[in-house]
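**Q** This is a predicted model, with the sequence first.
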Amino acid sequence: MSKRQFGKVLSPLLVIYSRSTPIFQVAIKILSADKKLSIDRDTNLLIRNYVSHLNDCKFCANAIEYMSAKEKWDLDRLKDMFNFRNSTNYSDKEKAILDYVEQISLTKTTTQETFDKLKTYFNEKQIVEITWVCASENYFNMQAKPLGFTSDNLALPKK
């Protein structure tokens with residue numbers, strides 16, 4: 001399946017999941033849960049992109065950028081992600097998400113101000129889902145980075 005979707009067998013399948021069926025089953029459950037969330041695919045990818053870059057997880061960043069490119073994302077926009085607060089490439093709604101996931105990824109908490117700003121755009125269910133997507137991306141990053149995964153060099157489409 002990995003070879004069909006990505007053109008190669010991804011590192012986690014070779015290193016982690018081939019050695020532990022229960023961990024593989026958890027990963028499949030996490031990824032399949034994404035399809036059942038009320039937040040849209042773009043929001044999910046935005047969160048996963050930013051968190052993987054925050055954590056400097058080269059494998060995850062490359063895989064998510066590949067999936068984003070398949071969804072026809074403007075990859076130049078991603079380059080401006082660490083400047084999101086001052087960028088015109090991101091809406092106020094997206095800035096609220098990025099600020100929130102940055103805080104919870106780096107400090108495991110958030111300020112009331114940041115949380116209140118997020119609440120202006122999202123309901124309680126969506127905030128729980130945003131938090132879950134952030135946590136699950138941190139989970140994947142915490143496997144890939146310590147095990148020394150580098151980018152699988154998935155080919156991004158040429159402009």
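**A** Yes, it's here.
**Q** Could I get the contacting residues of the residue nearest to the spatial centre of the chain?
**A** Nearest to the geometric centre of the chain sits Arg48, at 0.9 Å (Cα atoms, centre = their mean). Neighbouring residues of Arg48 by Cβ atoms under 8 Å, 6 or more residues apart in numbering: Cys60, Ile64, Val133, Glu137. The way it works is simple: take the backbone N, C-alpha and C, and place the C-beta from them, glycine included.
**Q** Need the max-distance pair from the residues you listed.
**A** Cys60 and Val133 (12.8 Å; Cβ to Cβ).
**Q** Which of the contacts of Arg48 fall in helices?
**A** Cys60, Ile64, Val133, Glu137 (DSSP state H).
**Q** The contacts of Arg48, buried ones only, as a PyMOL selection?
**A** Command for PyMOL that selects the buried part of the contacts of Arg48, burial taken from 16 or more other Cβ atoms under 10 Å:
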select buried, resi 60+64+133+137
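**Q** Point out the least confident one among the contacts of Arg48.
**A** Minimum pLDDT across the contacts of Arg48 is recorded for Ile64, with 88.
**Q** ok, that residue to Asn55 distance?
**A** Per Cβ to Cβ, to the nearest Å, Ile64 is found 12 Å from Asn55.
**Q** Point me to the helix or strand that includes the residue nearest to the centre of the chain.
**A** According to DSSP states H and E, Arg48 maps onto helix 41-54.
**Q** list the buried ones in that helix?
**A** For helix 41-54, burial by neighbour count (16+ other Cβ under 10 Å) applies to Thr43, Asn44, Leu45, Leu46, Ile47, Arg48, Asn49, Tyr50, Val51, Ser52, His53, Leu54.
**Q** quick one, what contacts the second one?
**A** This means Asn44. Residues in contact with Asn44, defined by Cβ under 8 Å, 6+ apart, are Asp34, Leu37, Val133.
**Q** which residues touch the last one?
**A** Taking Cβ under 8 Å, 6+ apart as the contact definition, Val133 lies against Asp34, Leu37, Ile39, Thr43, Asn44, Ile47, Arg48.
**Q** Can I get these in CSV including pLDDT and distance to Glu124?
**A** Converted to CSV, the contacts of Val133 look like this (pLDDT from 0 to 100; distance: Cβ to Cβ, whole Å):
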residue, pLDDT, distance to Glu124
Asp34, 91, 19
Leu37, 96, 14
Ile39, 96, 12
Thr43, 94, 16
Asn44, 95, 18
Ile47, 96, 17
Arg48, 96, 21
